[in-house]
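1. With the input below, show me the fold.
(chains A and B)
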Amino acid sequence: MLDLARATSGSVLYDGLPLVPETLERIAYVPERSVLYDWMTVAEHIEMQRRAYRKFNLKRAHELLAQFGIDLRKKARALSKGMRTATMVALAIARETDILILDEPTSGLDPINQRHVLNLIINESARGATVIFSSHQIGQVERAAERIAVIDRGRLALEGDVDDLKADRKIVEAILPSENFALNGIAGDPHISRLDRNGRVVRALTSSDAAEVLARFEALGASGLRIVDLNLEDIFLYAVSPSDATADVVEGQ
Amino acid sequence: MPVVLTVDPRSGVPIYLQVIEQVKRSVALGVLASGEQLPTVKQLALDLTINPNTVAKAYRELERDGVIETAPGRGSFVRSNGSIETTKTAATDVARDAIDAAVREAKSIGLHAEDIRTLASAAIDRWFREDA
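-> The predicted structure follows:
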């Protein structure tokens, strides 16, 4: 989107049109690594942003930096990693853009300031801005994000609405009548995306109809049937861990 | 207004469902009185640190279920007309879900319908002892 990398698939459109330089005025980007100038003070960074962007809200910038307790007279090199992140986030939000792209916007921050950044993201979203943020902290994503995309080793592993994923992805657990009980056709069930079996206990990951899967196990004479909710971490781990050969192992006797 | 809602984002239960369940419960218990105003979408999102669209989704469903009503520009309120009905519906919804989960669990560990019925009446007798 920012022309930092070339797409391997798809294309980047803004309001249905290809990106032009003016579009960048409506997008704010905070990289994970500091792009502040070490020898410049925070106040000088504010001034630079004010001159660069017509919509820059000076009052809001001062307000946000004060919320983080940042001393405007300090040179960037004197700020901790977390305070540099906070400074960049504050300056980006003060631009009041339509789109905010934040790469690990809470890195280096203590829990209180991390929560504050999340609330700023929520506030931006409530104002109508689109916020795209990356994080390794699933708890933050679970709170602040509406839609997620999980990237595993550069590959898109999972994508969707957080609440929909939680509503759809369930584990159906069942206890089979015997250890070598044959699961006739169950592994091929389109509702089941993964089967793990350990002795008599079988756990099926479903991404659509847990009740239907439960009924199938029940029809086979399984007991101890239970539908287990999955949080985003569980869903994430299932999405990135290989589901190798479960089908043929399970079907065997 | 002090609305005491909490959500557990790490739970496997979608956050909007947690919000719906808690608002219904608060209405059933009278913590949220009829006609009372709910926090705005933005305010509740910030209070709970959750996505505003998640709150909006919960409010939309609560409105569809007849628990709250939204007046454009004024906010969302616990439905005032037919408030007894609203409270009863909310209470029934909450109780039905709890009983449903308990019966599902009892069935899954191998109890038969008759065993579960016996347990249920024993529980009713225990909790309604004074009424007898």
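
2. So which residues of chain B form helices?
-> B:15-28, B:41-48, B:52-64, B:83-108, B:113-127 (DSSP state H).

3. mind listing the helices for the stretch 151-253 of chain A?
-> Under the criterion DSSP state H, counting those that start in this stretch, the stretch 151-253 of chain A contains helices at A:162-168, A:210-219, A:232-240, A:246-251.

4. Would you single out the least confident of the ones you listed?
-> With a mean of 39, helix A:246-251 has the lowest mean pLDDT of the helices of the stretch 151-253 of chain A.

5. Put together CSV for the helices of chain B, with mean pLDDT on each row.
-> Output for the helices of chain B, formatted as CSV (pLDDT from 0 to 100):
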stretch, mean pLDDT
helix B:15-28, 90
helix B:41-48, 94
helix B:52-64, 94
helix B:83-108, 81
helix B:113-127, 93
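
6. Just put those in TSV and tack on mean neighbour count.
-> Using the backbone N, CA and C atoms, a C-beta is placed for each residue, glycine as well. Putting the helices of chain B into TSV (neighbours: other CB atoms under 10 Å in any protein chain shown) gives the following:
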stretch	mean neighbour count
helix B:15-28	22
helix B:41-48	19
helix B:52-64	20
helix B:83-108	15
helix B:113-127	11
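
7. Quickly note the distance from the residue in chain B positioned nearest to chain A to A:Asp163.
-> At 2.6 Å from chain A, B:Gly12 is the closest residue in chain B, using CB to the nearest CB. Noted for B:Gly12: a distance of 11 Å to A:Asp163, by CB to CB, to the nearest Å.

8. Kindly report the same for A:Gln49.
-> 36 Å.

9. Might you enumerate the residues of chain B proximal to chain A?
-> Residues of chain B that fall close to chain A, judged by CB under 8 Å from any CB of the partner chain: B:9-17, B:41-42, B:45-46, B:49-54, B:57, B:105, B:107-110.

10. Tell me which residues touch the nearest residue in space to A:Ala61 that is not next to it in sequence, please.
-> In space, and not counting its chain neighbours, A:Ala61 is closest to A:Ala94: 3.7 Å by CB to CB, 6 or more residues apart in numbering or on different chains. When contacts are counted by CB atoms under 8 Å, 6 or more residues apart in numbering or on different chains, A:Ala94 is found next to A:49, A:56-58, A:60-61, A:64.

11. phi, psi of A:Ala94?
-> phi -60, psi -20 (degrees, to the nearest 10).

12. Let me know the distance separating it from A:Lys59.
-> Distance from A:Ala94 to A:Lys59, by CB to CB: 9 Å.

13. same deal with A:Gly224?
-> For A:Gly224 relative to A:Lys59 (CB to CB), the value is 61 Å.

14. between the two, which one's more packed in?
-> A:Gly224 (14 against 8; other CB atoms under 10 Å in any protein chain shown).

15. residue contacts, the residue lying closest to that one once chain neighbours are set aside?
-> Closest residue to A:Gly224 in three dimensions, ignoring its sequence neighbours and counting by CB to CB, 6+ apart: A:Ile175, at 3.8 Å. By CB under 8 Å, 6+ apart, the contact list for A:Ile175 reads A:200-202, A:222-224.

16. For those, give me CSV that also has pLDDT.
-> Below are the contacts of A:Ile175 laid out as CSV (pLDDT from 0 to 100):
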residue, pLDDT
A:Arg200, 90
A:Val201, 92
A:Val202, 91
A:Ala222, 86
A:Ser223, 82
A:Gly224, 83
